[in-house]
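**Q** just coords:
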């Protein structure tokens, strides 16, 4: 059964859509009309609607040589939900379009959708529409996520205040090291196809890359503790790059402390194997999908006991620029190297 | 100036987004937060939100040999707005993602966006977000359109009633003939590059393909005349295919009259040049983006004077199937040939 291959042409476009969407059960009261019409209908009943979109292209954003389709489907949803949470909002619906070449079978598309539906179920989101088409080459995935937020409770990037504490959720740099491992094993495999991948002990960093989660828990924590961040965004391109966005849009500067950056021990050890500085990976490695946010100093007591949140610095006047204080006490300017630079 | 070529790499992703979005002025009160954050924020103030999405892939959905980029941008927006109108709703926002290969210059992307903004302005829609990335090959455009509708005034495909009149807006078959002309001229050009395209007299059908409009006027007419169609969808794949969707989803049959099908004289003449039956083009040619809808017979008087609307048949019991009565009086079953079949 595992090797069965059904050509998509045997189903046709409408047949494929029917096949992929027949088991959908809408979970949200706001999902008034789902798949099967010209458009979906949503009613957020007095809340505001939050919308974000991402386009993922094979060979640019993912490599199917080491990305299982189920994980890809899951992650494609997560990266969009992460943007909704980064607005301090709750995701409620997604629409998804895929373009696939004839290289993909119905079974392959099923695997992709298994991941998509797993993410929808875990985060309580409804798939309410989309488009399925052919591509000349490779797989293309476009997802638009929709969420809701109590009027004017959304959090922008441009509203950080001088003196605010800079905070991040979880830990940083892992996904980038995971990518380095997978790229290394791919190269070895291409040169010597008989060699089995050696990912011993790297489950953590590889998992950070292939199966990220969106920080729903942090948004729920904010609500419970009545914390409203003064600014927030998710970390997809690397901490330095994102923090510089907040600085620029809020017209402020910042100071980070190297010894406060949250880096998992597994990430630190893995970085050393590549002779890389873990701090550089935390600052410039992307795809961790953690949240970066600022809070007034007065709110410090509300989050100090949450082990999933680290205070890593504070906002300053714009004239002071953006800097990091190293463990040795020296001061360096932060640059927007981001993900692409390291790559 | 026309031949200037600026590489996208000179701007970078953030520079390109800034370049493309710097002149946006939000037109709708519902657009609370636009481009520049993790997500956009929309408030439809008591109305319901309507969402649709389309993915357009170079070489599958469009051919840049005969599609000017500005027209492509315009049409990409129109096909989505058409889906919103087909719900009896008003489009208010779009988000747009593009993936481009290094073959495209900044000037080329500017042309594409000129068309996108022209459509936004004409239809009163705000561009509030998106994603810009690279592709390994060709141009990929993903648009999600968002609209609003008074609660529960949206019109589905599944609610046509037995005895309802079947109506279409505008005229049909033109876009398909336009495609045939452009494909013929492309073939001639590829065989003999010196030959100039001969589109004499075909401006109408070529325009139907390259620069379609969405039927905002029809939705406004419904509101003015207090008509609520019992079912509606837009005609992107061809009248037969779409009407069969309404039949299937409403569990009904239908009868069409050949002599009632609206076909422009220019389309009729152009069809004859290809030795094609204009009726077949109207039934099976796609991409006209007209509206197909059903109304109770009692509403006939309300729309009889609107020259942009034709009554082409009526809904029957499911057992009677879907048929067309020809000018000669014979009866044929309608099949879902649609666009792809003719192609």
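**A** Noted; the coordinates are in hand. Just so we're clear, the structure is a prediction, and the values are computed from it rather than from any experiment.

**Q** tell me which stretches of chain A form helices.
**A** With DSSP state H as the criterion, chain A has helices at A:12-21, A:69-85, A:106-123, A:174-191, A:203-210, A:216-224, A:239-250, A:265-273, A:278-284, A:300-303, A:338-342.

**Q** what is the fifth one packed up against?
**A** Other elements packing on helix A:203-210 under the criterion 3 or more Cβ pairs under 8 Å, 6 or more residues apart in numbering or on different chains; DSSP states H and E are helix A:174-191, helix A:265-273. For the C-beta atoms, the positions are set from N, CA and C on the backbone; glycine is no exception.

**Q** cool, the first one as well?
**A** On a contact count with 3+ Cβ pairs under 8 Å, 6+ apart, helix A:12-21 meets helix A:106-123, strand A:126-134.

**Q** right, and residue A:281 touches residue A:271 too?
**A** Yes - with contact defined as Cβ atoms under 8 Å, residue A:281 and residue A:271 form a contacting pair (5.2 Å).

**Q** give me the below-cutoff pLDDT ranges for chain A.
**A** Applying pLDDT under 70 to chain A flags residues A:1-3, A:337-343.

**Q** ok, 90 please
**A** Low-confidence segments of chain A (pLDDT under 90): A:1-4, A:8-18, A:102, A:136-137, A:152, A:185, A:188-202, A:335-343.

**Q** please parse it into its domains.
**A** According to automatic domain parsing, chain A comprises the domains A:8-149, A:165-342.

**Q** could those domains go into a markdown table alongside mean neighbour count?
**A** As requested, the domains of chain A are arranged in a markdown table below (neighbours: other Cβ atoms under 10 Å in any protein chain shown):
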| stretch | mean neighbour count |
| --- | --- |
| domain A:8-149 | 21 |
| domain A:165-342 | 19 |
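
**Q** can you add distance to chain B and give the helices and strands packed on helix A:12-21 back as TSV?
**A** Putting the helices and strands packed on helix A:12-21 into TSV (distance: least, Cβ to the nearest Cβ, whole Å) gives the following:
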stretch	distance to chain B
helix A:106-123	14
strand A:126-134	5
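
**Q** what's the closest of those to residue B:237?
**A** strand A:126-134 (12.4 Å; Cβ to Cβ).

**Q** partner strands of that closest one, with direction?
**A** strand A:90-100 (parallel) (DSSP bridges).

**Q** on that earlier part again, and for residue A:281 and residue A:271, which residues touch both?
**A** Here residue A:281 and residue A:271 have A:173, A:177 as joint contacts, going by Cβ atoms under 8 Å, 6 or more residues apart in numbering or on different chains.

**Q** for the residue of the stretch 201-343 of chain A found nearest chain B, give the beta-bridge partners.
**A** Closest residue of the stretch 201-343 of chain A to chain B, Cβ to the nearest Cβ: residue A:233 (5.4 Å). Beta bridges link residue A:233 to residue A:292 when assigned by DSSP bridges.

**Q** can I assume it is in contact with residue B:38?
**A** Yes - between residue A:233 and residue B:38 there is a contact under Cβ under 8 Å: 5.4 Å.

**Q** any residues in contact with both of those two?
**A** In contact with both residue A:233 and residue B:38: A:86, A:157, using Cβ under 8 Å, 6+ apart.

**Q** for residue B:16, which of the helices of chain A is the nearest?
**A** Nearest to residue B:16 among the helices of chain A is helix A:338-342 (13.4 Å), distances taken as Cβ to Cβ.

**Q** dump the helices and strands packed on helix A:203-210 into CSV; add distance to chain B as well.
**A** Output for these, formatted as CSV (distance: least, Cβ to the nearest Cβ, whole Å):
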stretch, distance to chain B
helix A:174-191, 17
helix A:265-273, 24
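
**Q** closest to residue A:292 out of those?
**A** Using Cβ to Cβ, the helices and strands packed on helix A:203-210 put helix A:174-191 closest to residue A:292, at 14.7 Å.

**Q** chain center to that closest one, what's the gap?
**A** Distance of helix A:174-191 from the chain centroid (Cα atoms, centre = their mean, to the nearest Å) equals 20 Å.

**Q** identify all contacting residues around that helix.
**A** Contacts of helix A:174-191 (Cβ under 8 Å, 6+ apart): A:63, A:65-66, A:195, A:197-199, A:202, A:204-210, A:212, A:238, A:264, A:266-267, A:270-271, A:274, A:276, A:281, A:284-289, A:339, A:342.

**Q** same thing but 6 Å
**A** A:65-66, A:195, A:197, A:202, A:205-206, A:208-209, A:264, A:267, A:270-271, A:274, A:281, A:285, A:287-288 (Cβ atoms under 6 Å, 6 or more residues apart in numbering or on different chains).

**Q** same check on stretch A:232-243?
**A** A:82, A:86, A:155, A:157, A:172, A:283-286, A:288-293, A:334, A:336, A:338-339, B:38.

**Q** mind doing that once more with 7 Å?
**A** Residues from elsewhere that reach stretch A:232-243 (Cβ atoms under 7 Å, 6 or more residues apart in numbering or on different chains): A:79, A:82-83, A:86, A:88, A:155, A:157, A:166, A:168, A:172, A:245-246, A:254, A:282-293, A:322, A:334-339, B:38.

**Q** likewise for stretch A:81-94?
**A** In contact with stretch A:81-94 (Cβ under 7 Å, 6+ apart) are residues A:28, A:30-31, A:40, A:42, A:50, A:52, A:77, A:80, A:120, A:123, A:125-128, A:143-149, A:153-155, A:214-216, A:219, A:222, A:229, A:232-234, A:289, A:291, B:38-39.

**Q** how about stretch A:318-329?
**A** A:243-244, A:247, A:251-259, A:331-334.

**Q** how does it look with 6 Å?
**A** Residues contacting stretch A:318-329 (Cβ under 6 Å, 6+ apart): A:244, A:247, A:251-259, A:331-334.

**Q** one more: stretch A:252-267?
**A** So stretch A:252-267 is in contact with A:160, A:162, A:171, A:173-174, A:177, A:204-205, A:247, A:278-279, A:282, A:310, A:312-318, A:320-327, going by Cβ under 6 Å, 6+ apart.

**Q** what's the end-to-end length of it?
**A** Distance between the two ends of stretch A:252-267: 31 Å, counting by Cα to Cα, to the nearest Å.

**Q** how far does it sit from the chain's center?
**A** 19 Å.
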